[in-house]
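>>> Next one to model:
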Amino acid sequence: MNQSKQTYLPVFLTLGLLLFNMLTSYLLSGQFFPNLSLWVPIGLNVLVGLGYIVSLVMGLRSTNNYVKWFSMLANTAFLLSLSVITFMLLLANGISEP
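Here you go, the predicted structure:
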């Protein structure tokens, strides 16, 4: 039983990071906290990106082929999209700063 939880940990970590990222993107969009600095979502996106990298490494070290393929495809796609969003936030922060 413990072996199966350890085997699918990268999949659960990827899905958990995806849900966390969607929740924080919605909550920190400016609707709930209008005077929030842009550095807060940028920092959270960087931390989630590091989590995706950790999940990718854990998935590639797994012995299950399903976990390897899912980890490689999902984490790469989510990391690329998160990088684009973080770049756009940094660009918006650079434009708005004096």
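
>>> how about the nearest residue to N45, chain neighbours excluded?
Leaving aside its chain neighbours, N45 sits nearest to T86 (4.4 Å; criterion: CB to CB, 6 or more residues apart in numbering). C-betas here are computed from N, CA, C, even on glycine.

>>> Return the residues in contact with N75.
Contacts for N75 (CB atoms under 8 Å, 6 or more residues apart in numbering) come out as 14, 52-53, 55-56, 59.

>>> which residues touch the residue lying closest to T63 once chain neighbours are set aside?
Counting by CB to CB, 6+ apart, T7 is the residue found nearest to T63 once chain neighbours are left out, at 7.4 Å. Neighbour list for T7: 62-64, 67 [criterion: CB under 8 Å, 6+ apart].

>>> As a check, name the ranges of all strands in the protein.
With DSSP state E as the criterion, the chain has no strands.

>>> At which residues are the helices of it located?
Here the chain has its helices, by DSSP state H, at 2-7, 9-27, 39-60, 65-96.

>>> Mean pLDDT and distance to F33 added to those, as JSON lines?
Shown next, in JSON lines, are these (pLDDT from 0 to 100; distance: least, CB to CB, whole Å):
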{"stretch": "helix 2-7", "mean pLDDT": "73", "distance to F33": "36"}
{"stretch": "helix 9-27", "mean pLDDT": "93", "distance to F33": "8"}
{"stretch": "helix 39-60", "mean pLDDT": "95", "distance to F33": "8"}
{"stretch": "helix 65-96", "mean pLDDT": "93", "distance to F33": "15"}
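
>>> Centroid-nearest residue for the protein?
Taking CA atoms, centre = their mean, the centroid of the chain lies closest to V48, which sits 3.7 Å from it.

>>> That one is in contact with L82, isn't it?
Yes: taking contacts as CB atoms under 8 Å, V48 lies within contact range of L82: 6.3 Å.

>>> which residues are in contact with both of those two?
With CB under 8 Å, 6+ apart as the test, V48 and L82 both reach N21.
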